[in-house]
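>>> A structural model of the following input is requested.
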Amino acid sequence: MPNITEKTSSNIFFQARCAAAKHNDQLRSREGAADIMSIDRGRLYRIERGIASPHPEEIHLMADLYNAPELENYFCTKICPLGRNVPKADISSLDRISLRAISVLREMGSVQELLIDITADGVISKDEIEDIHKILRALEELEQVTQSLKLWVKKNL
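As a prediction, the model looks like this:
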């Protein structure tokens, strides 16, 4: 793929198309990918250069065509203003995700006890606020590892 700038080569959408081109020769060119997705090749160029943000339906098309469900998570966590609170899923091996999940789930026992202690009286006092934040961080970590596992399953099964 000649004349690729550094900005383009570091673009996640370009990288996903290049990875998919190993299995589908039509994806070696923007024209081929744009034809399959029925979008304008100039639009795909602008997306891959980072000049334009893709639309949600374009993300779905690319994620399906390129077998890259991580594009959906990237869009939600980095581009969509409504999804800024969506946990970023890590793309890693199943064994790494599993170990991280086991670690997080092990911590959930103490988080559960803490939550019971805080909410037993139905009132959250000022001295319990820090503990509530600790519980929220643990739940966010659980959510992130869950998203990573879902992403791995979508990509590999």
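>>> all helices of this protein, in order?
6-9, 12-21, 30-37, 41-49, 56-66, 70-74, 94-119, 129-156 (DSSP state H).
>>> tell me which of those lies nearest to residue 81.
Checking those against residue 81 by C-beta to C-beta gives helix 56-66 as the closest, at 12.2 Å. Any C-beta I mention is one placed from the backbone N, CA and C, and that applies to glycine too.
>>> quick one: contacts of the closest one?
13, 16-17, 19-20, 27, 33, 36-37, 39, 43, 47, 54, 68-72, 75, 80 (C-beta atoms under 8 Å, 6 or more residues apart in numbering).
>>> deepest-packed of the helices of the chain, please.
helix 70-74 (a mean of 21; mean count of other C-beta atoms under 10 Å).
>>> so for stretch 118-129, mean pLDDT?
Stretch 118-129 shows a mean pLDDT of 92.
>>> now it: buried residues?
Neighbour-count burial for stretch 118-129 flags 118, 128 (criterion: 16 or more other C-beta atoms under 10 Å).
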